[in-house]
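Undergrad: coordinates only, sequence not included:
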């Protein structure tokens, strides 16, 4: 039963991944600039957060 559950979860995960990749490719073709700016903003925010935590630790 454990293996069956794992296989089912694997199938669901694969379907989700394929759907996500299709959606990402579609949105990339439709809104490349907006997505790039969002990604860079998110990365900047993450970098700032990590810098703050490092400063707090030190």
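TA: Thanks, I have it. These numbers come from a predicted model, not from an experiment.
Undergrad: quick one: the helices in the chain?
TA: Taking DSSP state H, the helices of the chain run over residues 2-30, 32-57.
Undergrad: Can you tell me which of those helices has the worst average pLDDT?
TA: Here the lowest mean pLDDT among the helices of the chain goes to helix 2-30, at a mean of 73.
Undergrad: Which positions within that one qualify as buried?
TA: Neighbour counts over helix 2-30 (16 or more other C-beta atoms under 10 Å) mark no residue as buried. (Glycine included, C-beta is placed from N, CA and C.)
Undergrad: That one packs against which elements?
TA: Using 3 or more C-beta pairs under 8 Å, 6 or more residues apart in numbering; DSSP states H and E as the contact test, no helix or strand touches helix 2-30.
Undergrad: what angle sits between it and helix 32-57?
TA: 120 degrees (axes from the mean of the first three to the mean of the last three C-alpha atoms, to 10 degrees).
Undergrad: and helix 2-30, how far from the chain's centre?
TA: When distances are taken as C-alpha atoms, centre = their mean, to the nearest Å, helix 2-30 is centred 13 Å away from the chain's centroid.
Undergrad: So residue 7 versus residue 17, what's the distance?
TA: Separation of residue 7 from residue 17 (C-beta to C-beta, to the nearest Å): 15 Å.
Undergrad: So what's the residue count around residue 33?
TA: 7 (other C-beta atoms under 10 Å).
Undergrad: residue contacts, it?
TA: The contact partners of residue 33, by C-beta atoms under 8 Å, 6 or more residues apart in numbering, come to none.
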